[in-house]
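In: Give me coordinates for this.
(2 chains, ligands or ions: 2)
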Amino acid sequence: MARVPRLRPGFRFQWEPVQDCYVLLYPEGMVKLNGSAGAILNEVDGQRSVADIVATLEQQFPDAGALEGDVNDFLRDACQQHWIEMS
Amino acid sequence: MTSSEAAKTVSNPHQAGPPLWLLAELTYRCPLQCPYCSNPLDFASTEQELTTDEWVSVLRQGRAMGAAQLGFSGGEPLVRQDLPDLIAEARHLGYYSNLITSGLGLSEAKVNAFRDAGLDHIQVSFQASDPELNNAVAGSRKAFDQKLAMARAVKEAGYPMVLNFVIHRHNIHQMNDIMALCERLGADYVELATCQYYGWAFKNREGLMPSRAQLEKAEAEVQAYRQQLAVSGSAMKLIFVTPDYYEERPKACMNGWGSLFLTVAPDGTALPCHSAKLLPIDFPSVREMELKTIWYDSPGFNHYRGDSWMPEPCRSCDEKGKDFGGCRCQAYLLTGNAVNADPVCSKSSHHDRILAARRAADHATAGIDELTYRNADNSRLFFRG
Ligand code: SF4
Ligand code: SF4
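Out: Ligands and ions are numbered 1, 2, ... in the order given. A predicted model of the protein is given here:
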C-alpha cells in the first residue's frame, strides 16, 4: 500500500526570506530546515506517496543519485518528531 | 515619523539578528484576577491602548524584519473587538499566529471565525482560581464547563489543542489528574507551567512557590506519564516548566536579551521580554519610532546585548555565553540592580535570597485566599506606592 505523508494539523511549512531557509512553524515553535529537509517537505502535500516524492526529487536533483534511503530516513524522523503523519 | 527617519538605515552596533518572535500584548484588560499574573503591578495606570491601525503597522514592520511567530496575548486579547481584523492581517502577512486566551468570552462561533480569518493556534489557559481546578479534576465540571467546552471547540475546528496549566503549591499535587484530563480531551500539547516570579507572582511568591519535595514528586509523575504516552504511541507532548528557583544555574533568559523576542505592550512600549517593563529602563514606544530602529538601535534594546555590561562573577565566567548571566528582571527584583548575576546562580553573592525562598517554601502555610489578586484596585495601590 502506498504511504502518503502529510503535515500534522497545526503545522505550517514556509519559506522565510529573512532567514533564507524553509521553516516549519507550529504552536509557539519554529524549526529551521536545512536544504534537503526543506526540499523533501516541499513535496509533502498530503496527496502524493513517498515513492512519488522520491521520483520527483530524483528528477530535481539528477546528480544526487538514488534518494530513496535519505527520503525515508528523513520522513521516519519527521514522523517520530510528530511533524508529519503517514496514511 | 519623519521621512528622513524612515529612510535611515540602522547601525546595529551589536550585530543583532532579526526578531523572530513578536508578542502583541493587545490589552491589560481581563475578566480574571489571577494572583500569578505576569502583567505589571501598576497595569491599571497604563496609557491608551494602540489603535487597530497602529497594531497593523506593528505587525507589518515586524514581519518585514523577519518575525514569523506572532502571539496575541494580554490581559485577555478577546476583549479587543478588532481581534478578527488583526488575525486576518497576520495571516495575510504570513505569520504563524497564536492566540493565548483564558477562554472566557470565547464561543464556538468565534473559534470558527478566527480559523476562517487564518488563526493557526489557540492556547486555552486554565488560569482559574484553585477551587475551580479542584472541582474540575475531582469530577464536578460545573466551574470548568466553559474552558472545557472551548478546548473541545478548538479541537473540533481543526486547530492543534494546546492547554496550559499554571502550577503552584496549591495544585501541584494534582499533576496526574491534570495530565489525565488533558489526555481525555485529546490535547496535542500540554504546558504545565509552574509560576515564574515576576509581576503579581513575585508579589505572591511565598504563597505560590512549591517546596522541593512537591516539585520532585511532580517531576517524577510527569516523567512516568511521558513513558506511558510513549508506550501507547500518543503524540501528546508534556512540557513541564519548573521554577528556576530550584536550579543552580540560571536560565538563558529569552535566549539572550534582544536576540529573538520582541514584545509590544498594550500602550505601544516595545520590550525585549514581557516582564522587562519593571526594569528602570526607558523603553521606546512604537508610537515614536520605527520598529527597526527600536530593535537594532535603541538604548533600551542594546542595554544588555553582548557582555561588556557584565560585572563579576559573570564577566570572567566561562558559562556566560551559555546563560548570558540569567534573567535581568530576576536580578533586579532580587538584588536591586539588573546588571548583577541572576541570583539563581550559585556563584552569585546574592544566591542566599534564593536559598531563603526555598526554605520559606518548605514552611509556608498561607492559604490560597491570602494571595493578592490581580485587579484594578490592587493595581492602583501599587501605583500610588
Ligand atoms: S494571568 Fe490571569 S489575570 Fe493575568 S492576564 Fe492572564 S487570565 Fe488575566
Ligand atoms: S556567574 Fe553569571 S555567567 Fe556564570 S553561570 Fe553564573 S549567571 Fe551564568
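
In: count of neighbours near the residue found closest to residue B:214 once you drop the neighbours it is linked to in the chain?
Out: Spatially, and ignoring its direct neighbours in sequence, residue B:214 is nearest to residue B:172 (5.0 Å; CB to CB, 6 or more residues apart in numbering or on different chains). Any C-beta I mention is one placed from the backbone N, CA and C, and that applies to glycine too. For residue B:172, the neighbour count with other CB atoms under 10 Å in any protein chain shown is 18.

In: show me what contacts residue B:172?
Out: By CB atoms under 8 Å, 6 or more residues apart in numbering or on different chains, the residues touching residue B:172 are B:194, B:210, B:214, B:215, B:217, B:218.

In: If we use 7 Å, what do you get?
Out: Contacts for residue B:172 (CB atoms under 7 Å, 6 or more residues apart in numbering or on different chains) come out as B:210, B:214, B:218.

In: From residue B:172, how far off is the first one?
Out: From residue B:210 over to residue B:172 the distance is 5 Å, taken as CB to CB, to the nearest Å.

In: Please look at residue B:20 and residue B:66 and confirm they touch.
Out: Yes - here residue B:20 reaches residue B:66: they are 6.3 Å apart, a contact under CB atoms under 7 Å.

In: More neighbours: which of those two?
Out: A count of neighbours by other CB under 10 Å puts residue B:20 above the other of residue B:20 and residue B:66, at 22 against 15.

In: okay, that one: pLDDT?
Out: At residue B:20, the pLDDT value in this model is 95.

In: picking up where we left off before, list just the nearest of the contacts of residue B:172 to residue B:247.
Out: residue B:210 (13.9 Å; CB to CB).

In: ok, the closest one - contacts?
Out: B:168, B:169, B:172, B:194, B:361.

In: Could you confirm it falls within a helix?
Out: No - counting by DSSP: H, G, I helix; E, B strand; the rest coil, residue B:210 is not found in a helix; it is coil.

In: residue ranges for the helices of the stretch 1-150 of chain B, please.
Out: When secondary structure is read from DSSP state H, counting those that start in this stretch, the stretch 1-150 of chain B shows helices at B:3-7, B:52-65, B:83-93, B:108-117, B:130-138, B:145-156.

In: most remote residue from chain A's center?
Out: residue A:18 (20.8 Å; CA atoms, centre = their mean).

In: what about it, helix or strand, and which?
Out: Counting by DSSP states H and E, no helix or strand carries residue A:18.

In: okay, and for the chain, where does confidence drop off?
Out: Since no chain was named, I'll use chain A. Residues of chain A that meet the criterion pLDDT under 70 lie in A:1.

In: not quite, I wanted chain B
Out: B:1-8, B:45-46, B:127-143, B:366-373, B:376-385.

In: what does it put close to ligand 1?
Out: Within chain B, the positions near ligand 1 by CB under 6 Å from any ligand atom are B:30, B:32, B:33, B:34, B:37, B:39, B:74, B:75, B:76, B:102, B:127, B:374.

In: Mind doing that once more with 8 Å?
Out: Within chain B, the positions near ligand 1 by CB under 8 Å from any ligand atom are B:28, B:30-34, B:36-39, B:73-76, B:102, B:104, B:125, B:127, B:166, B:200, B:374.

In: which of those are buried?
Out: Among the residues of chain B next to ligand 1, those classed as buried by 16 or more other CB atoms under 10 Å in any protein chain shown are B:28, B:30, B:32-34, B:36-39, B:73-76, B:102, B:104, B:125, B:127, B:166, B:200, B:374.

In: Closest approach to ligand 1 from the stretch 251-385 of chain B, which residue is it?
Out: Relative to ligand 1, the nearest point of the stretch 251-385 of chain B is residue B:374 (4.7 Å; CB to the nearest ligand atom).

In: tell me the contacts of that residue?
Out: Counting by CB under 7 Å, 6+ apart, residue B:374 has contacts B:33, B:34, B:35, B:37, B:39, B:200.
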